[in-house]
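**Student:** build the 3D model from these lines:
(chains A and B)
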Amino acid sequence: MRQSTLFTKTRREDPAYEESVNARLLIRAGFVHKEMAGVYTLLPLGLRVFNKIIGIIREEMNAIGGQEMLMTTLQDPELWKKSNRWVEEGEKNPNGLPWFKTKLVNGNELGIANTHEETLTNILCQHVSSYRDLPLYAYQFQNKFRNELRAKSGIMRAREFVMKDLYSFSKTEEQFREFYEECAKAYLRVFDRLGLGNRTYRTFASGGAFSKFSDEFQTLSEAGEDTIYILKEKNLAINKEVFTDEVLSDMKVRREDFEEHKSIEVGNIFPLGTKYSQALGLLYRTEDGEDKPVIMGSYGIGVGRAMGTIVEALHDEKGIVWPSSVAPFAVHLVALQGGEEEAEKLYKRLKEQGTEVLYDDRIDVAPGAKFADSDLLGIPARVVVSTKTVADKQAEVKKRTSETLERVSLENMPKFFF
RNA sequence: CGGGCCGGAGUAUGCUGGUAGUACACCUGCUUUGGGAGCAGGCAGACCGAGUUCGAUUCUCGGCGGCCCGACCA
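**Tutor:** Prediction:
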C-alpha cells in the first residue's frame, strides 16, 4: 500500500486525554480512533493487525475441532430469564453482568449481547439429541457489549469489543476435561504466536459465577489490572484472588517461592458444568436410553485486548514493535530523495512476490519524519532506498528490533530476508 | 457508583474579568532533503445551560464529556 494514499496520519504528540501506553501509541500511529470512553474504531492499519490476530486464533481453534459461526447481538430476554441472568430495571445484578438493553418499537425489551452461553445452548437444543452428536465445539468472533462502570486502560477494558468465544459441549466430565486441557494448550500456542509466549502464564484463578476455579491466561505487564504469583521453575501461576493457604497446600507449594507480578488477563477458560444445559433443557440421550444434561465449558479471548497487550508488552520509546505474525505489513519501504525510481521498482517487485509492503512514497517529507513514522508504526523491517544506496545498487534494511543497518542488493533482493 | 484533576483551532499548550496568543498540522510561494527543515504570507479555536458583572474563555452553580484512584468486573 502506498502511504501517500493512506488516509490516516500519524501524530507527533500524545493525545492529552489518554494515559495508557496502548491507547497513546495506537492513536498516535493511526491504528485506532476513540469514539468515546471504552469505545474504539479500528482504522485501516489497526484492522490489518486485528485481522491477523483473528487469523491466528481461528487457525488454532479450528485445529482443535472448533466450528466457526456467528451469533446475534440482539438477544431475547426470555432465554436469559431461563438462566436467571436477565436483570430488570433497577435490580441489582446477582451475576455481575452489566447489561445494555434496548426496546423494539412495540415496547418489548431486548438484550444486547454480552456473552452467548444462553443463545448457543438454545440453538443446540435443535441440533443435539443423542450421545452420537457429542462432543461438539462451536466458536465465533463477535461484538460484546458490557456496561463497564469504568472503562479504562485504553482498548484494554472497553464497553464494546470483539471476543472470540468458544463453547464446548461434552457427554461426560472426562470428555470435557480432555478438551479443556487441549484448549488450554491451544491458547498457549495462540499467545506464543502473538509474540507474548515468554510472558504469558496459564494461571489458576477463581471461577466467578460459574465454578469454583478456572484458568486465566495472564501476560506479565505493569499495565495489567491483575496481580498474579508465579513460580518460574514449575511454570506455575496463581491469581492473587485465590493465592490462599488452602490452595497453596493443595498444590504442595510454598508461598515464599512465588514472585508477585502485575498482569493482563488475555484469555480465560472455565467449566460451566450443566448450569446452562439444565436451565435451557439441552439434554442428550445416552447409549442406555437415559436423558442427561450436556456438560459445557466456555473459552474466551478478547481480540482488542490482545492487540493492546502486544503494544504494552513490546513497545519501546520510539513506538510500537509488532511481532511479524501480526504486523500490519511485513516491510516498510521508505523512499528518500534520489531513491524514488528504484524504490518504485522495488515496491512492484515486492508486491509481485506477495510481500505485504507499506510504501512511503510521500514527497516533500523530511527523512527524519519518515524514520520517526516508521518507528512509530512498528513494522518489522524497514527498507530505505536513497541516493546513497542507489549509488551502490543497494537498499538498506533495518529491523525494528535492532539498530543494525544491513545493505542488500537491489537486483537480487532475497525473497524473504525479513 | 464515590473521590481527584481536566474541558480553548485538526493536535499540543501559555496567559487572561475588557472577544484569544504560541508551536505543530493544513493552504500559497521560494529554498531544502539520511533522524520530526527554513523563510514569507494565509486558514482555523473558548463543551452546554444558568448566575454574578457594565462586560465571563476566565469567577460561581448545574449538566454533559474525558483521564486517573477506588469500588465493581467472566
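**Student:** low-scoring stretches of the stretch 51-200 of chain A, by residue?
**Tutor:** Using pLDDT under 70 as the threshold, the predicted model of the stretch 51-200 of chain A has low-confidence ranges A:89-97.
**Student:** show me which residues of it are close to RNA strand B?
**Tutor:** Proximity of the stretch 51-200 of chain A to RNA strand B is assessed by CB under 7 Å from any atom of the strand, with A:96-97, A:114-115, A:146, A:148-154, A:157 identified as the residues in range. The C-beta positions use only the backbone N, C-alpha and C, and glycine is treated the same way.
**Student:** what's the closest of the residues you listed to A:Ile264?
**Tutor:** The shortest separation between A:Ile264 and any of these is 8.6 Å, and it belongs to A:Ser153 (by CB to CB).
**Student:** mind listing what the closest one touches?
**Tutor:** With contacts defined as CB atoms under 8 Å, 6 or more residues apart in numbering, A:Ser153 is in contact with A:Ser20, A:Asn22, A:Ala23, A:Ala223, A:Glu225, A:Gly308.
**Student:** contact partners of the host helix or strand of A:Ile228?
**Tutor:** Using DSSP states H and E, the secondary-structure element containing A:Ile228 is strand A:226-231. By CB under 8 Å, 6+ apart, the surrounding residues in contact with strand A:226-231 are A:201, A:203, A:216, A:218, A:220, A:236-240, A:243, A:253, A:257-265.
**Student:** off-centre distance for it?
**Tutor:** In this view, strand A:226-231 has its centroid 21 Å away from the chain centroid, taken as CA atoms, centre = their mean, to the nearest Å.
**Student:** sheet partners, orientation included, of it?
**Tutor:** Strand A:226-231 has the following sheet partners, assigned by DSSP bridges: strand A:236-239 (antiparallel), strand A:259-273 (antiparallel).
**Student:** pull it out as PDB, backbone CA atoms only.
**Tutor:** Coordinates of each C-alpha in strand A:226-231 appear next as PDB, following Å, rounded to 0.1, in the frame of the first residue of the first chain:
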ATOM      1  CA  ASP A 226      -4.400  -8.200  37.900                       C
ATOM      2  CA  THR A 227      -1.900  -9.400  40.300                       C
ATOM      3  CA  ILE A 228      -0.500 -13.000  40.000                       C
ATOM      4  CA  TYR A 229       2.100 -15.000  41.800                       C
ATOM      5  CA  ILE A 230       4.400 -17.100  39.700                       C
ATOM      6  CA  LEU A 231       6.700 -20.000  40.400                       C
END
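**Student:** one step back: filter the residues of the stretch 51-200 of chain A next to RNA strand B down to the ones in strands?
**Tutor:** Residues from those lying in strands, with DSSP state E as the criterion: none.
**Student:** and the strands in the stretch 51-200 of chain A?
**Tutor:** With DSSP state E, counting those that start in this stretch, the ranges of strands along the stretch 51-200 of chain A come out as A:67-68, A:74-75, A:100-103, A:109-112, A:136-145, A:160-170, A:200-206.
**Student:** for the third one, name the packing helices and strands.
**Tutor:** Counting by 3 or more CB pairs under 8 Å, 6 or more residues apart in numbering; DSSP states H and E, the packing neighbours recorded for strand A:100-103 are strand A:109-112.
**Student:** quick one, which of the residues of the stretch 51-200 of chain A next to RNA strand B are buried?
**Tutor:** When burial is judged by neighbour count using 16 or more other CB atoms under 10 Å, the buried members of those are A:Leu97, A:Asn114, A:Thr115, A:Arg146, A:Ala151, A:Ser153, A:Gly154, A:Arg157.
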